[in-house]
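Asks: coordinates only, no sequence provided:
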């Protein structure tokens, strides 16, 4: 059994990006990581552009100008100005080649076609230079950049429709348990509805991982062996829920040993999620999670989510951690570190009631987890606590 910090370090040390690439439409690239530099096919802006609604001028040593024309955004004509002449211009429009400044409309007086400056104007004022953001052939975004909605807009503004990104991992979810029944079927005595697969699939989809397959097996060694042997050979990451403890019918550990999966650690000094397995076989990463749903989701956010981001090229990803005041009292039982479901609001974390690893109702309300290290025994209202923001 190892501490939380060591578990995080072991996982990080053994996770490397897949180094596989795929080309995708920019419109659907949010959350992906660039596999290579993106070069700009154009100058941006592609012409000298007005930053204001106002008047483009060919400067002279006088405050009076004659308005000779108008240029709107999208116009493609290029009036030729003489010293002392101006054109009406609007934000985003192409500044005539002969103009050398733009003055905002609030700084002038206009009488018919006569313009009078009300303030000094300097050369190049309010003109966005050709290629101010990026020059044609220059690097628009570098390899390793995680694409955001702003990046999607930026790339689209350059006329780029496809980008090459790190390919996400192929993931298999294997849910074990003879007591599990699929929702929609009759629930007989002694059975419970299976929720881990849908929960994990939803969590994976929400962070951009869609290459996911689900298998469900009973607590049977031969069946579990057959399924795990197949998925380990076919997928990059395996998420197993249940069967990883030491009960008479917990067969997952025995199966992983029989399949020669290298154990990198087993059990973490934490609550929930103490019976947690991490290992690998060849290039396939294997996570063995507890069966209790709240423990599964806690382990997913703390360990699996960052690992999947790194596999997908987002090196150094971590869930945001902040220090805020506690709005609750809490006394910890035992010596393990603890992840407490909480609501973070207005700079305060309220620890929710119902922290059992089997209870999802509390998790359904939470937007954060309060982390209590091993050495901490209690939290009093007003104490500073470390809070992990959840990606919801």
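Replies: Received the coordinates, thanks. Computed from a predicted model, the values in this text were never measured in an experiment. Numbers count the residues shown, from 1 in each chain.

Asks: for the stretch 251-392 of the chain, which segments are assigned as helices?
Replies: 252-258, 293-299, 305-311, 361-365 (DSSP state H, counting those that start in this stretch).

Asks: closest to residue 182 out of those helices?
Replies: For residue 182, the closest of the helices of the stretch 251-392 of the chain is helix 293-299, at 15.1 Å, according to C-beta to C-beta. Where C-beta positions appear, they are placed from N, C-alpha and C, glycine not excepted.

Asks: in this structure residue 124 contacts residue 100, no?
Replies: Yes - in this structure residue 124 lies within contact range of residue 100 using C-beta atoms under 8 Å: 6.7 Å.

Asks: which one's more surrounded, the two?
Replies: Ranked by neighbour count (other C-beta atoms under 10 Å), residue 124 and residue 100 place residue 100 first, with 20 against 13.

Asks: which residues touch that one?
Replies: Shown here is residue 100, whose contacts under the criterion C-beta atoms under 8 Å, 6 or more residues apart in numbering are 57, 58, 59, 123, 124, 127.

Asks: so, low pLDDT: which residues of the protein?
Replies: 249 (pLDDT under 70).

Asks: state which helix of it is the longest.
Replies: Of all segments of type helix in the chain, defined using DSSP state H, the longest is helix 221-234.

Asks: so which elements touch it?
Replies: For helix 221-234, the packing partners by 3 or more C-beta pairs under 8 Å, 6 or more residues apart in numbering; DSSP states H and E come out as strand 171-176, strand 212-217, strand 237-241, helix 252-258, strand 284-289.

Asks: which of the ones you listed sits most buried?
Replies: Highest mean neighbour count among the helices and strands packed on helix 221-234 (mean count of other C-beta atoms under 10 Å): strand 237-241, with a mean of 27.

Asks: so how far is stretch 254-268 off the chain centroid?
Replies: Put simply, stretch 254-268 sits 30 Å off its chain's centre (C-alpha atoms, centre = their mean, to the nearest Å).

Asks: before we move on, what about stretch 22-29?
Replies: Centre-to-centre, stretch 22-29 and its host chain are 15 Å apart (C-alpha atoms, centre = their mean).

Asks: try stretch 11-29
Replies: 12 Å.

Asks: ends of that stretch, what's the gap?
Replies: Stretch 11-29 has its terminal residues 27 Å apart, counting by C-alpha to C-alpha, to the nearest Å.

Asks: list the residues that contact the spatially closest residue to residue 122 that is not a sequence neighbour.
Replies: Nearest residue to residue 122, sequence neighbours excluded (C-beta to C-beta, 6 or more residues apart in numbering): residue 101, at 6.8 Å. With contact set as C-beta under 8 Å, 6+ apart, residue 101 has these partners: 56, 57, 59, 121, 122, 123, 124, 125, 126, 127.

Asks: go again with 7 Å.
Replies: By C-beta atoms under 7 Å, 6 or more residues apart in numbering, the contact set of residue 101 is 57, 59, 121, 122, 123, 124, 125, 127.

Asks: distance of it relative to residue 52?
Replies: Going from residue 101 to residue 52 by C-beta to C-beta, to the nearest Å gives 11 Å.

Asks: same check, this time on residue 307
Replies: 49 Å.

Asks: repeat that for residue 64.
Replies: Taking C-beta to C-beta as the measure, residue 64 falls 20 Å from residue 52.

Asks: what's the answer for residue 232, then?
Replies: Distance, residue 232 to residue 52, by C-beta to C-beta: 62 Å.

Asks: same check, this time on residue 205
Replies: Relative to residue 52, residue 205 is positioned 44 Å away (C-beta to C-beta).

Asks: looking at these two, which one has more neighbours?
Replies: Each of residue 205 and residue 52 has its neighbours counted (other C-beta under 10 Å); residue 52 has more, 19 against 11.

Asks: what secondary structure does that one sit in?
Replies: Following DSSP: H, G, I helix; E, B strand; the rest coil, we place residue 52 in the coil state.

Asks: who's in contact with it?
Replies: Shown in contact with residue 52 (C-beta under 7 Å, 6+ apart): 91, 102, 104, 126.

Asks: repeat that for residue 30.
Replies: Residues near residue 30 by C-beta under 7 Å, 6+ apart: 147, 148, 149, 152.

Asks: looks like the last one contacts residue 28 (just checking).
Replies: Just to be clear, that refers to residue 152. No - using C-beta atoms under 7 Å, residue 152 is not in contact with residue 28; the gap is 8.8 Å.

Asks: just checking, residue 152 is part of a helix?
Replies: Yes - under three-state DSSP, residue 152 sits within a helix.

Asks: so how far is residue 38 from it?
Replies: The value you get for residue 152 to residue 38, if C-beta to C-beta is used, is 12 Å.

Asks: the more surrounded of the two?
Replies: Legend: neighbour count by other C-beta under 10 Å for residue 152 and residue 38, higher for residue 38 (23 against 18).

Asks: distance of that one relative to residue 147?
Replies: Distance of residue 38 to residue 147, given as C-beta to C-beta: 10 Å.

Asks: hang on, the earlier thing: what's the most distant pair in the contacts of residue 30?
Replies: With C-beta to C-beta as the measure, no two of these lie farther apart than 147 and 149, at 8.5 Å.

Asks: run the angle between the longest helix of the chain and strand 284-289 for me.
Replies: Inter-element angle recorded for helix 221-234 and strand 284-289: 140 degrees (by axes from the mean of the first three to the mean of the last three C-alpha atoms, to 10 degrees).
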